[in-house]
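In: Structure, please.
(chains A and B, ligands or ions: 2)
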Amino acid sequence: MSATTARAATSVDVPMVLAEQVTKSFGSNQVLKGITLEVKRGEVMCLVGPSGSGKSTFLRCINHLEVLSAGRLSVDGELIGYRESNGKLYEMAPKEASKQRRDIGMVFQRFNLFPHMTALQNVMEAPLRVKGLPKAKVESTARDLLARVGLADRADYYPAHLSGGQQQRVAIARALAMEPKLMLFDEPTSALDPELVGEVLDVMKGLAKEGMTMIVVTHEMGFAREVADSLVFMDAGVVVESGLPSEVLANPRHARTQAFLSKVL
Amino acid sequence: MVFAVLLVAIFAFFVIDAAFRPAYDWPAVGKYLFDRRISMAALVTIELTVFSMVIAIILGVILAVMRLSPNPVVKAVAWFYLWIFRGTPVYVQLTIWGLISLIYTSIDIGLPFMTPWISFSTNAALNTFTLAVIGLALNEAAYMAEIVRAGLLSVDKGQEEASVALGMSWSQTMTRVILPQSMRVIIPPTGNEVISMLKTTSLVTAVPFSLELFTRSRDISAETFNPIPLLIVASIWYLFFTSILMVGQYFLEKRFSRGVGDRQTDKSDPAAPTTGAITGVVPVVGAGQPTVVLPPKTDAPGTTGDGGAR
Ligand SMILES: Nc1ncnc2c1ncn2[C@@H]1O[C@H](COP(=O)(O)OP(=O)(O)OP(=O)(O)O)[C@@H](O)[C@H]1O
Ligand SMILES: [Mg+2]
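Out: Ligands and ions are numbered 1, 2, ... in the order given. You can find the predicted model right below:
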């Protein structure tokens, strides 16, 4: 019932993702030092920054794969991983946390497809097991999704028999099968041979065009320029600079941004 | 080549010689091979093996998960268990189990240092068969724990992450994603453990439990003063069972090496369609052992795990 009240409070102006002073430490190593940012409904945000700056950690905080050390994070107006009562925060039971994760799709650098299942079974697994939907319905949706990422003819292939680009497209279809309202991409093309990058980016562009809200960690500045509504540059756990991709890329204001962009562009 | 011929010659000589050597007493072997007492004892040996292995696997999974727990106390308990049970001979352990009623004369259920609610005599509650199973199982669990642990650790961390990110619960992640993939690593050594257990049952005479194959053969030959043929009879039965197990193990290994494993990153070949050799879903085998897995850190008990296989 709390989910419905949260949804009722949701109006068009509630941002899809709202991070306020998000802090994360591993032991004494503070990896995120107060990230504050906002992603509006239907927006695509690209997150860039040098290795170790905390991009993956931030994405993992959004679907509560990591527990925040401080700050707050909400998706679609709903606080992630915590329940607020009388002004205090209580950590959610694992069951509630996984319920929230259903609405947030995640795509990994190394695909992480289930190797003992075919492409089709990979896509069907979560809707079947998590949502408990009828099998016939799940299968037809899954086939549609595979067709949408251009892999209708690869449904019965095992991941080991698919190229990296094909595997990543299956992984995107698998995430979409849960009908998420937000998609997180963690360097989705970094493990791919250069000639396979395009096919994955094309699928992502299609998603963006359809209005999916996305946060994409990437080094593909061309994609950022073309698709993203905002570009955020992170370094050492802080947001150094953010703005329209065209502006940040053309006129980076901070020295750190300039140094980073000169390396990747 | 010469060596091979020599080997064959020596072997042939040995067989022919054995066939006519009276001490082997082949007619007696034939007579006792299907003796009812022996075949009943063979059945008991199978029972000991099956019961002990089932308990050992369940306990082994629990211990393996405990060892992976982030909680240092839980980890230490598991480590201590393995230290004790792997560090002492199974024969000694079985002997101690046999003397358990001297150490603990009664089994009391209740609060410590209070009058127990229920109390019964250890001797009445635990017969020698039960003690033999307990002894074998607890010892074997220590070895199974290492096997299961290696299996769970062999699965890429990204698999758990992907599963959890899809909204799957910890128990679904275990039964649907992690355990099926770890089976490939767990099954072959477990097959070896079953074969080894079948032979280890011959040690339960230490309890003393005397109705399994080896001890029964010894007892019969003690009456007939003709030990050799009965040892041959026992060996034939052991060989028969281990041979069946080896064949079964061969097919299980073949089955579980499919689809799983050759994990590739980007440099894979887009061709190579699925062949007939790769079909279906890898089932979760065993007597429901995946469902007893306890969450190492997070999950609440009694979640939605459906036990795996369809
Ligand atoms: N589970 C963990 N335990 C301890 N330290 C961690 C953990 N995960 C990440 N870190 C540390 O946090 C820092 C940021 O890591 P993160 O993976 O978020 O960086 P990143 O920006 O994604 O880098 P990359 O571009 O290399 O993927 C690193 O220094 C890393 O060592
Ligand atoms: Mg990263």
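
In: Need the nearest residue in space to B:Y143, chain neighbours excluded.
Out: B:E193 (6.2 Å; C-beta to C-beta, 6 or more residues apart in numbering or on different chains). The way it works is simple: take the backbone N, C-alpha and C, and place the C-beta from them, glycine included.

In: Near the one you found, how many residues? Count them for me, please.
Out: Counted with other C-beta atoms under 10 Å in any protein chain shown, residues neighbouring B:E193 total 19.

In: One more: A:L59?
Out: 23.

In: ok, it to B:E161 distance?
Out: Counting by C-beta to C-beta, to the nearest Å, the gap from A:L59 to B:E161 is 11 Å.

In: May I see the buried residues of the one helix or strand B:L131 maps to?
Out: B:L131 belongs to helix B:128-154 when assigned by DSSP states H and E. Judged by neighbour count (16 or more other C-beta atoms under 10 Å in any protein chain shown), helix B:128-154 contains these buried residues: B:129, B:131-149, B:151-152.

In: how far is that helix from where the chain is centred?
Out: Here the centre of helix B:128-154 is set off from its chain's centre by 7 Å, with C-alpha atoms, centre = their mean, to the nearest Å.

In: For the helix or strand following that helix, which outside residues touch it?
Out: Per DSSP H and E, the first helix or strand lying C-terminal to helix B:128-154 is helix B:157-165. Contacts to helix B:157-165, defined as C-beta atoms under 8 Å, 6 or more residues apart in numbering or on different chains, come from residues A:63, A:65, A:98, A:101, A:104-106, A:108, A:110, A:112-114, A:171, A:175, B:170, B:172-173, B:176-178, B:181.

In: Give me the most central residue, chain A.
Out: Nearest to the geometric centre of chain A sits A:L184, at 0.4 Å (C-alpha atoms, centre = their mean).

In: In a strand, that residue, correct?
Out: Yes - the assignment for A:L184 is a strand, going by DSSP: H, G, I helix; E, B strand; the rest coil.

In: Identify the bridge partners of it.
Out: Following DSSP bridges, A:L184 is listed with bridge partners A:M106, A:I215.

In: wait, it sits on A:D103?
Out: No - using C-beta atoms under 8 Å, A:L184 is not in contact with A:D103; the gap is 11.5 Å.

In: burial measure for A:R225, as a count.
Out: Quick note: A:R225 (other C-beta under 10 Å) scores 16 neighbours.

In: Which residue is the nearest non-sequential neighbour of it?
Out: A:P245 (5.1 Å).

In: Look at residue 250 and say how many residues are nearby.
Out: Using chain A. Using other C-beta under 10 Å, A:A250 is surrounded by 10 other residues.

In: Correction: the question concerned chain B.
Out: Neighbours of B:Y250 (other C-beta under 10 Å): 12.

In: Now do it, the pLDDT please.
Out: pLDDT, B:Y250: 88.

In: give me every residue that touches it.
Out: No contacts exist for B:Y250 under C-beta under 8 Å, 6+ apart.

In: Repeat that for A:L182.
Out: A:16-17, A:39, A:62, A:75-76, A:103-105, A:213-215.

In: As a check, name the ranges of all strands in chain A.
Out: A:17-26, A:29-39, A:44-48, A:70-75, A:78-79, A:82-85, A:88-91, A:104-107, A:182-186, A:213-217, A:230-235, A:238-243 (DSSP state E).

In: how about those in TSV, adding distance to ligand 1 and mean pLDDT?
Out: Shown next, in TSV, are those (distance: least, C-beta to the nearest ligand atom, whole Å; pLDDT from 0 to 100):
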stretch	distance to ligand 1	mean pLDDT
strand A:17-26	3	96
strand A:29-39	4	96
strand A:44-48	9	96
strand A:70-75	15	93
strand A:78-79	22	92
strand A:82-85	20	86
strand A:88-91	18	85
strand A:104-107	13	97
strand A:182-186	7	97
strand A:213-217	7	97
strand A:230-235	7	96
strand A:238-243	12	95
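
In: Below-threshold pLDDT in the chain: ranges please.
Out: Defaulting to chain A. Low-confidence segments of chain A, defined by pLDDT under 70: A:1-12.

In: wait, chain B
Out: For chain B, the stretches with pLDDT under 70 are B:257-310.

In: and stretch A:136-153 with chain B, contact?
Out: No - Stretch A:136-153 does not reach chain B (C-beta under 8 Å from any C-beta of the partner chain); its nearest approach is 9.7 Å.

In: ok, and what's touching that stretch?
Out: Looking at what lies outside stretch A:136-153 - C-beta under 8 Å, 6+ apart - the contacts are A:119-120, A:123-124, A:127-128, A:154-155, A:166, A:169-170, A:172-173, A:176-177, A:199, A:203, A:206.

In: Now that A:L162 has come up, it's in contact with A:Q168, right?
Out: No - using C-beta under 8 Å, A:L162 makes no contact with A:Q168, being 9.3 Å away.

In: more neighbours, these two?
Out: Just comparing A:L162 and A:Q168: by other C-beta under 10 Å the higher neighbour count belongs to A:Q168, 30 against 24.

In: what's the distance between that one and A:T189?
Out: Applying C-beta to C-beta to A:Q168 and A:T189 gives a distance of 7 Å.

In: Likewise for A:V17?
Out: Relative to A:T189, and taking C-beta to C-beta, A:V17 is found at 22 Å.

In: Also B:S243?
Out: 53 Å.

In: Between the two ends of stretch A:214-230, what distance do you get?
Out: 11 Å (C-alpha to C-alpha, to the nearest Å).

In: neighbour-wise, which of A:V17 and A:T189 wins?
Out: The neighbour comparison of A:V17 against A:T189 (other C-beta under 10 Å) goes to A:T189, with 25 against 22.

In: Chain neighbours aside, what residue packs nearest to the more buried one?
Out: A:V197 (4.4 Å).

In: same thing with B:M66?
Out: B:A78 (3.9 Å).

In: Can I get whichever strand or helix holds B:T200 in PDB? Just the C-alpha atoms.
Out: For B:T200, the host element (DSSP H and E) is helix B:179-200. C-alpha atoms of helix B:179-200 as PDB (Å, rounded to 0.1, in the frame of the first residue of the first chain):
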ATOM      1  CA  LEU B 179      24.000 -23.700  -7.900                       C
ATOM      2  CA  PRO B 180      23.200 -25.000 -11.500                       C
ATOM      3  CA  GLN B 181      26.400 -23.400 -12.700                       C
ATOM      4  CA  SER B 182      28.400 -24.700  -9.800                       C
ATOM      5  CA  MET B 183      27.100 -28.300 -10.400                       C
ATOM      6  CA  ARG B 184      29.700 -28.600 -13.200                       C
ATOM      7  CA  VAL B 185      32.400 -28.200 -10.600                       C
ATOM      8  CA  ILE B 186      30.600 -30.000  -7.700                       C
ATOM      9  CA  ILE B 187      29.400 -33.200  -9.500                       C
ATOM     10  CA  PRO B 188      32.700 -34.900 -10.500                       C
ATOM     11  CA  PRO B 189      34.300 -34.900  -7.100                       C
ATOM     12  CA  THR B 190      31.000 -35.800  -5.500                       C
ATOM     13  CA  GLY B 191      30.900 -38.900  -7.600                       C
ATOM     14  CA  ASN B 192      34.300 -39.800  -6.300                       C
ATOM     15  CA  GLU B 193      33.100 -39.200  -2.800                       C
ATOM     16  CA  VAL B 194      30.200 -41.600  -3.300                       C
ATOM     17  CA  ILE B 195      32.500 -44.300  -4.500                       C
ATOM     18  CA  SER B 196      34.900 -43.600  -1.600                       C
ATOM     19  CA  MET B 197      32.000 -43.700   0.800                       C
ATOM     20  CA  LEU B 198      30.900 -47.000  -0.400                       C
ATOM     21  CA  LYS B 199      34.300 -48.400   0.500                       C
ATOM     22  CA  THR B 200      34.600 -46.500   3.700                       C
END
